[in-house]
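K.L.:
Next comes the sequence, and after it the predicted model I'd like to discuss.
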Amino acid sequence: MHWKLFADLAEVAGDREVDVDVEADAPTVDDALSALLDAYPALEPRVLTDAGKLEPHLNLLKNGEQIGEPGLSTPVDEGDELALFPPVSGG
Amino acid sequence: MSLSLDATQLDRYSRHIIMDEIGPEGQAALLDGRVLVVGAGGLGAPVIQYLAAAGVGTIGVVDDDTVERSNLQRQVIHADSDVGIPKVESAAAFVADLNPDITVETYETRLSKANAADIIPEYDLVVDASDNFPTRYLVNDVCRLAEIPVSHGAIYRFEGQVTTLVPEGPCYRCLFPEPPEPGTVPDCATTGVLGVLPGTVGCLQATEAVKLLLDTGEPLVGTMLCYDAMDLSVERVPYRARDDCPICGTDPIDSIAGIEYSGGCQVEDVGSDRAASQ
């Protein structure tokens, strides 16, 4: 699974483009997110709330389309591109 | 609408006027246009510069800062000799020097819950060139309630985000319902910013503002354009209006009175069940 990370998420991870292996038989976005956080543990406090939910201000994209928290059960294939992007505020 | 362009204006704006998409009517519309630029910093500088050059007749500028030397690496309307003076003053002087057709209305203040509803409705559209989340959510909310379009741009180190918020499209909260907790995403002063970046992003915002005044082309509605200067890539992320958006959804608030903009900008305490579930 391919992940793209934007803005400070890329800095925290140290990579902008990340490939992760997902073990599950019928992988979901949630599995791919877990694989990403396993590979880049520094991301976890930035990406998940204390309750373990996706931070509400982050946008999770599958193939360039928003899916968000309700869409974590969305199935993903090996060829899908996932992305996480936060708002930025600089001017 | 201005009745006609004088000879100097026909000359000054000739490269606009000869284009069918603009013509003398379009130029007259620009000269009649009223645009509020929130922030006269990295993004605001090229926005003010190009709107003034293009002949946008009235430009409002809101900023409470003074020019610092560390601004000059990117804030191209301010000069070394301006260090220490208010940015709105420096911006107004820059515009006066560039184009005597333009009226600059300056607000040497921070846009706030107390003054936004007085300032914003005086304008046809707002360019959000601010540098912080509270102001960005305030601009989104007030403009949406007043049905005023916003050309939104924001930057981070080498990356920019641009989108256009119109009354009939999704608002900024449809994409990002609430900002990160203060301190989560570092600001320019902490992380640095590529000097050219706000030039690129601000020019895209100015492009959108001019298109909206001309009512031509396809505005960047429902799409967040993500620009990365490092590889000069552009990604277009579509987003939709959300029914549960507290500002533009099916049960919107009718006032920003209950929103606290200094912290997380959450919409709450507005006396509605839906808001309480946010």
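P.N.:
That came through, no problem.

K.L.:
Could you tell me which residues of the stretch 1-150 of chain B lie near chain A?
P.N.:
Selection of the stretch 1-150 of chain B residues close to chain A by CB under 8 Å from any CB of the partner chain yields B:39, B:41-44, B:128-133, B:136. To be clear about C-beta, it is placed using only N, CA and C from the backbone, and glycine gets the same treatment.

K.L.:
nearest to chain A, of the residues you listed?
P.N.:
residue B:131 (3.7 Å; CB to the nearest CB).

K.L.:
And what about the closest one, helix, strand or coil?
P.N.:
Look at residue B:131: counting by DSSP: H, G, I helix; E, B strand; the rest coil, its state is coil.

K.L.:
now swap in residue A:43 and tell me
P.N.:
helix.

K.L.:
can you count the residues close to it?
P.N.:
A count of neighbours around residue A:43, defined by other CB atoms under 10 Å in any protein chain shown, yields 22.

K.L.:
how far away is it from residue A:18?
P.N.:
Residue A:43 sits 10 Å away from residue A:18, going by CB to CB, to the nearest Å.

K.L.:
again with residue B:80
P.N.:
43 Å.

K.L.:
Neighbour count: these two, which is higher?
P.N.:
residue A:18 (19 against 8).

K.L.:
That one contacts residue A:3, correct?
P.N.:
Yes. At 4.4 Å, residue A:18 and residue A:3 qualify as touching, with contact defined as CB atoms under 8 Å.

K.L.:
Overlap of the contact sets of the two?
P.N.:
Common contacts of residue A:18 and residue A:3 (CB atoms under 8 Å, 6 or more residues apart in numbering or on different chains): residue A:36.

K.L.:
Name the helix or strand of chain A that has the lowest mean pLDDT.
P.N.:
Least confident helix or strand of chain A, by mean pLDDT, DSSP states H and E, is strand A:65-66 with a mean of 84.

K.L.:
do chain B as well
P.N.:
Scoring the helices and strands of chain B by mean pLDDT, DSSP H and E places helix B:273-276 at the bottom, with a mean of 35.

K.L.:
Can I get stretch A:11-26 as CSV, trimmed to CA atoms?
P.N.:
This file holds the C-alpha atoms of stretch A:11-26, laid out as CSV (Å, rounded to 0.1, in the frame of the first residue of the first chain):
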residue,chain,number,x,y,z
GLU,A,11,8.4,15.8,8.6
VAL,A,12,7.4,13.7,11.6
ALA,A,13,7.7,10.5,9.5
GLY,A,14,10.8,11.6,7.8
ASP,A,15,9.3,10.5,4.4
ARG,A,16,6.8,11.9,2.1
GLU,A,17,6.0,8.7,0.2
VAL,A,18,5.8,5.5,2.1
ASP,A,19,5.1,1.9,1.0
VAL,A,20,3.8,-0.5,3.7
ASP,A,21,2.9,-4.1,3.7
VAL,A,22,-0.5,-5.1,4.9
GLU,A,23,-0.9,-8.6,6.2
ALA,A,24,-4.7,-8.9,6.4
ASP,A,25,-6.6,-11.1,4.0
ALA,A,26,-9.2,-8.5,3.2
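
K.L.:
What residues does chain A have near chain B?
P.N.:
A:6-8, A:11, A:46, A:55-57, A:59, A:61, A:64-66, A:83, A:85-91.

K.L.:
7 Å instead?
P.N.:
Applying CB under 7 Å from any CB of the partner chain, we find that chain A lies next to chain B at A:6-8, A:56-57, A:59, A:61, A:64-66, A:85-91.

K.L.:
So how do I select the buried members of these in PyMOL?
P.N.:
Buried subset of the residues of chain A next to chain B, written as a PyMOL selection, criterion 16 or more other CB atoms under 10 Å in any protein chain shown:
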select buried, chain A and resi 6+7+8+57+59+61+66+85+86+87+88+89+90+91
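
K.L.:
Out of the residues of chain A next to chain B, name the ones that lie in strands.
P.N.:
Secondary structure from DSSP state E places A:59, A:61, A:65-66, A:85 of these in strands.

K.L.:
now, the most widely separated pair of those residues?
P.N.:
A:65 and A:85 (12.5 Å; CB to CB).

K.L.:
quick one on the thing from earlier: indicate each strand paired with the least confident helix or strand of chain A and its parallel or antiparallel sense.
P.N.:
Partner strands and pairing direction for strand A:65-66 (DSSP bridges) are strand A:59-62 (antiparallel).

K.L.:
distance between the strand it pairs with and the chain's centre?
P.N.:
7 Å (CA atoms, centre = their mean, to the nearest Å).

K.L.:
likewise stretch A:59-68?
P.N.:
Distance, centroid of stretch A:59-68 to centroid of chain: 9 Å (CA atoms, centre = their mean).

K.L.:
any idea how far residue B:29 lies from residue B:247?
P.N.:
28 Å.

K.L.:
If you average the pLDDT over stretch B:9-20, what comes out?
P.N.:
Averaging pLDDT along stretch B:9-20 gives 98.

K.L.:
Please identify the buried residues of it?
P.N.:
Result for stretch B:9-20 [16+ other CB under 10 Å]: buried residues B:9, B:12-13, B:16-17.

K.L.:
Correct me if wrong: residue B:130 contacts residue B:39.
P.N.:
Yes. If you go by CB atoms under 7 Å, residue B:130 and residue B:39 touch, sitting 4.3 Å apart.

K.L.:
For these two, list the residues in contact with both.
P.N.:
residue A:91 (CB atoms under 7 Å, 6 or more residues apart in numbering or on different chains).

K.L.:
hey, which helix is longest across chain A?
P.N.:
Across chain A, the longest stretch assigned as helix under DSSP state H is helix A:29-39.

K.L.:
isn't residue B:103 right up against residue B:58?
P.N.:
Yes. Counting by CB under 7 Å, residue B:103 touches residue B:58, with 4.8 Å between them.

K.L.:
out of those two, which sits in the more crowded spot?
P.N.:
Ranked by neighbour count (other CB under 10 Å), residue B:103 and residue B:58 place residue B:58 first, with 18 against 14.
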